[in-house]
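# Sharing a sequence plus its predicted fold:
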Amino acid sequence: MRLQQRLGLNQDGVIGNGTLAGLNEPPAQQMQKLAVNMERLRWLPDTLKEETVIVVNIANFRMDLIQNRDTLFSTEAIVGKNYRKTPVFNAEMSYLVFSPTWTVPPTILANDVLPAVKKDMNYLKSKQMRVLTFDGKEVDPTKINWQSLSARGFPYMIRQDPGPQNSLGAVKFMFPNRYNVYIHDTPSREQFGRDNRALSSGCIRIREPERLAVLLLEDQGWTPERIAAAMKRKTEENVRLKRPIPVVLLYLTAWTDEGGRLQWREDIYTRDAELAAALRSKRSSSTAS
C-alpha cells in the first residue's frame, strides 16, 4: 500500500497491473524519468514560488491550490484522453461561471452528439440540449432533417442547459487560452475512483469544485451558502475574480513529495522517451563541440 501511494494508485493492497508495472520498472528507466522531469521543472517560471497559483499535474490526475509554497487545497482531477490530450501551458484564471450552459464543440458534435441524434431523436431532450442558430434563435429539432446533416458545415449550435446532467457540472473556472481548456465540475462522479483518469476531451474536471470556488471567492463576499445557491441556478452567472490567479498545467511523471519521498507516475501520454532522446542528443552535440 505504501508503494501504491508512491505510484499514485488506489491503496487497496492488491497487486494489479499498475502496481505490478511499478514493481518491475527498471532502475535505468527510473533514472531517465528523473532526468526528464528535472528538465521539465527547469521550464517553470521562478515567480511561481511566491505566488498563489493553481497547479494541475496532468500525469498525477490532480489539481492543487498553492499559496507561498503551501498547499491550501488538493483534489482529484480528470484529464484528457490519449487522443484528446490536455496540453501543457500557463495562463491566468480571471472568472468563474456558475450554472454554466455547454455549447457542444465540433469534435464532440461529430463523434458523439450527431450520431446519437440520428439514432434516437429523443437524445437531445433527454440530455436537456437545445438547437440554436448562430444568432441565438431556438430551432425545433423535429423539423430538421438530421440524416442529411454532417458535422462539417453543421448549420446550428447545440447547447446544453444548466442542470444535473450538464457536462460541465455546476461551475467552470475560466483561464482564457488558445486551447479552449478550462477547469470544471462534472456529473460523472464515479470516474474519480479510477486509477487512470485520462477520460475527458481535454479539459480538467475536478472532484471538489465547490470548495475551490469558496477559496477563490472568500475575499469577495461570497459565502459557502451563496456559492451553493449559485450552483443550482437555472441561468448562468459570471463572477470575475478580484485578482487573476496563475494556472500552470504541467506534466510530471516523477518528483519528490513534502517528505522527500520519490513519487512515480505512469507516462500516460508517452512523452518521456521523446524528451529523453532530445536531452541525449543535446548532450552528444555538446560533447562533440
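Now that the structure is in, tell me what you want to look at.
# what number of residues lie near residue 246?
Residues near residue 246, counting by other C-beta atoms under 10 Å, number 18. Where C-beta positions appear, they are placed from N, C-alpha and C, glycine not excepted.
# For my notes, confirm it occurs in a strand.
Yes: counting by DSSP: H, G, I helix; E, B strand; the rest coil, one finds residue 246 located in a strand.
# How is the closest residue to it other than its chain neighbours assigned, secondary-structure-wise?
Distances taken as C-beta to C-beta, 6 or more residues apart in numbering place residue 53 nearest to residue 246, at 4.6 Å, with adjacent residues excluded. Following three-state DSSP, we place residue 53 in the strand state.
# which residues sit in contact with residue 53?
65, 66, 67, 245, 246, 247, 248 (C-beta atoms under 8 Å, 6 or more residues apart in numbering).
# again, 7 Å this time
66, 245, 246, 248 (C-beta atoms under 7 Å, 6 or more residues apart in numbering).
# quick one: it and residue 239, what's the gap?
20 Å (C-beta to C-beta, to the nearest Å).
# what do you get for residue 194?
Taking C-beta to C-beta, one finds residue 194 at 31 Å from residue 239.
# Compare those two and say which one has the larger neighbour count.
Using other C-beta under 10 Å as the criterion, residue 194 and residue 239 rank with residue 239 on top: 17 against 13.
# Could you give the bridge partners of the closest residue in space to that one that isn't next to it in sequence?
The shortest distance from residue 239 to any non-neighbouring residue, by C-beta to C-beta, 6+ apart, is to residue 96 (4.8 Å). Taking DSSP bridges, one obtains residue 173, residue 239 as the residues bridged to residue 96.
# Give the full set of residues in contact with residue 96.
171, 173, 174, 213, 216, 239.
# and the chain, what are its domains?
2-95+169-288, 103-160 (automatic domain parsing).
# Please compute how far the host helix or strand of residue 35 lies from its chain's middle.
Assessed by DSSP states H and E, residue 35 sits inside helix 27-42. Distance, stretch centre to chain centre, for helix 27-42: 24 Å (C-alpha atoms, centre = their mean, to the nearest Å).
# What helices and strands are in contact with it?
strand 254-256, helix 272-288 (3 or more C-beta pairs under 7 Å, 6 or more residues apart in numbering; DSSP states H and E).
# now the ones you listed as TSV including mean pLDDT, distance to residue 49 and mean neighbour count?
Shown next, in TSV, are the helices and strands packed on helix 27-42 (pLDDT from 0 to 100; distance: least, C-beta to C-beta, whole Å; neighbours: other C-beta atoms under 10 Å):
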stretch	mean pLDDT	distance to residue 49	mean neighbour count
strand 254-256	94	15	17
helix 272-288	83	23	12
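# residue boundaries of the helices in the protein?
Shown for the chain, the helices assigned by DSSP state H span residues 2-7, 17-23, 27-42, 106-108, 114-119, 123-126, 209-217, 224-230, 272-288.
# Just name the most buried of those helices.
Highest mean neighbour count among the helices of the chain (mean count of other C-beta atoms under 10 Å): helix 209-217, with a mean of 19.
# Dump that helix to PDB, restricted to CA.
Output in PDB follows, covering the C-alpha atoms of helix 209-217 (Å, rounded to 0.1, in the frame of the first residue of the first chain):
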ATOM      1  CA  PRO A 209     -15.300  22.300  -7.400                       C
ATOM      2  CA  GLU A 210     -17.400  24.000  -4.700                       C
ATOM      3  CA  ARG A 211     -14.600  24.000  -2.300                       C
ATOM      4  CA  LEU A 212     -12.300  25.600  -4.800                       C
ATOM      5  CA  ALA A 213     -14.900  28.300  -5.500                       C
ATOM      6  CA  VAL A 214     -15.200  29.000  -1.800                       C
ATOM      7  CA  LEU A 215     -11.500  29.600  -1.500                       C
ATOM      8  CA  LEU A 216     -11.300  31.800  -4.600                       C
ATOM      9  CA  LEU A 217     -14.200  34.000  -3.700                       C
END
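# so what's the closest residue to residue 227 other than its chain neighbours up against?
Setting aside the residues directly before and after it, residue 227 is nearest to residue 213 in space (C-beta to C-beta, 6+ apart), at 5.1 Å. Contacts for residue 213 (C-beta under 7 Å, 6+ apart) come out as 96, 171, 227.
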